[in-house]
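S.K.: Attaching a predicted model along with its sequence, questions to come.
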Amino acid sequence: MSTAVKRACDACHRRKVKCDGVNPCRNCSASQLGCTYNAIPQKKGPKGSRAKVISELRETQRQTSLSAKVQTRLNGMNSPPSNSSLAPTPGLLTPETIKECIEFFFANMYPTMPILHRQRLEQQTHFLEHTMDTYCLLTSLSAFMMLQPGMTMPGSDPYSLDSMPGANIVSATMLLEETLRVRKSYDYLESSTLNTLCTSYFLFGCYYGLDMHDKAWFHLREATTLMHMLGMNHEDTYSQYDRIEASRRRRLYWLFFVTER
DNA sequence: TTATTCGGAAATTAAAAACA
DNA sequence: GTTTTTAATTTCCGAATAAT
């Protein structure tokens, strides 16, 4: 049982073979290699507060159990756990959630992103079962709102899930996935509307809030491309819309422009 | 056959937490 | 302060694969 050498030379380290630690070492001499000890050893041991792996595992486990609870809470016990079709999940987006998320949006977010029109949005909520474009807008809006500080879990909650840290993130993630899933069911590239673009913006916001910056930028760029496809960079395209629609589109264009920097 | 490669077990090390 | 626990890094065993 030979004891491990204090430091293996660069070649032995790469080759994962036993090094005798002298210079030149036996392996290097045998294979006529230059024997060097240039590699700078990394610092060993945990980094940060009790390092990360165990806390990551704990966090995912916590999220999984929360996810189950939120799922039953949001759609009242009788939902299939995995929906493989592209249809909206019944009961996931409750009217209560929609109402509170719209409320929160216009109370807190509208000043910095005045891209929706309250009356028109509320009118649309009556048809969301049949218009996927609207459904996606509302799921993504709700997801985005759930991630905002100060937003509470909608609905009265017998298990006080709203006070549980992470519950919002779990439901936001579920709504986010729902948006992406349902969005596959129609060709939003071909028939882009204001809703499509707003949805992309909220997707951007969600991913950004979840620190998934690559995906966030993907949705932002996708929307920017869509806007160019729609000719929103030319003032004369706005004349085909009524005043309110045109103003929201202009604002959205500039919001994207400013966000992309 | 011998030589080489590389997955991963075991050892080593150091930071953080627990304890006295 | 010392000890224990935890986790990041390193060494290198030995099975798999390649070369001869």
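M.R.: In hand now; what should we look at?

S.K.: Going by C-alpha atoms from here, please, whenever you check contacts or count neighbours.
M.R.: Noted.

S.K.: Work out which residue lies at the spatial centre of chain A.
M.R.: The centroid of chain A falls nearest to A:Y207 when counting by C-alpha atoms, centre = their mean (2.9 Å).

S.K.: Let me see the confidence value for it.
M.R.: We have a pLDDT of 94 for A:Y207.

S.K.: Please report how far it lies from DNA strand B.
M.R.: A:Y207 sits 29 Å away from DNA strand B, taking C-alpha to the nearest atom of the strand, to the nearest Å as the criterion.

S.K.: Please report phi then psi for that residue.
M.R.: phi -60, psi -40 (degrees, to the nearest 10).

S.K.: Now do the contacts for it.
M.R.: A:213, A:215-216 (C-alpha atoms under 8 Å, 6 or more residues apart in numbering).

S.K.: What about DNA strand C: which of the residues you listed touch it?
M.R.: Among the contacts of A:Y207, none lies close to DNA strand C by the criterion of C-alpha under 7 Å from any atom of the strand.

S.K.: Highest neighbour count among the residues you listed?
M.R.: With neighbours set by other C-alpha atoms under 10 Å, the maximum within the contacts of A:Y207 is found at A:A216, which has 22 neighbours.

S.K.: Quick check: A:K184 touching A:L86?
M.R.: Yes. Between A:K184 and A:L86 there is a contact at 6.9 Å, judged by C-alpha atoms under 8 Å.

S.K.: which one of these two has more residues nearby?
M.R.: Neighbours around A:K184 and A:L86, counted as other C-alpha under 10 Å, are more numerous at A:L86. The numbers are 15 against 12.

S.K.: The residue in the stretch 151-261 of chain A that DNA strand C sits nearest to: neighbouring residues, count only.
M.R.: Distance from DNA strand C to each residue of the stretch 151-261 of chain A (C-alpha to the nearest atom of the strand) is smallest for A:D211, at 19.7 Å. Counted with other C-alpha under 10 Å, the neighbours of A:D211 add up to 11.
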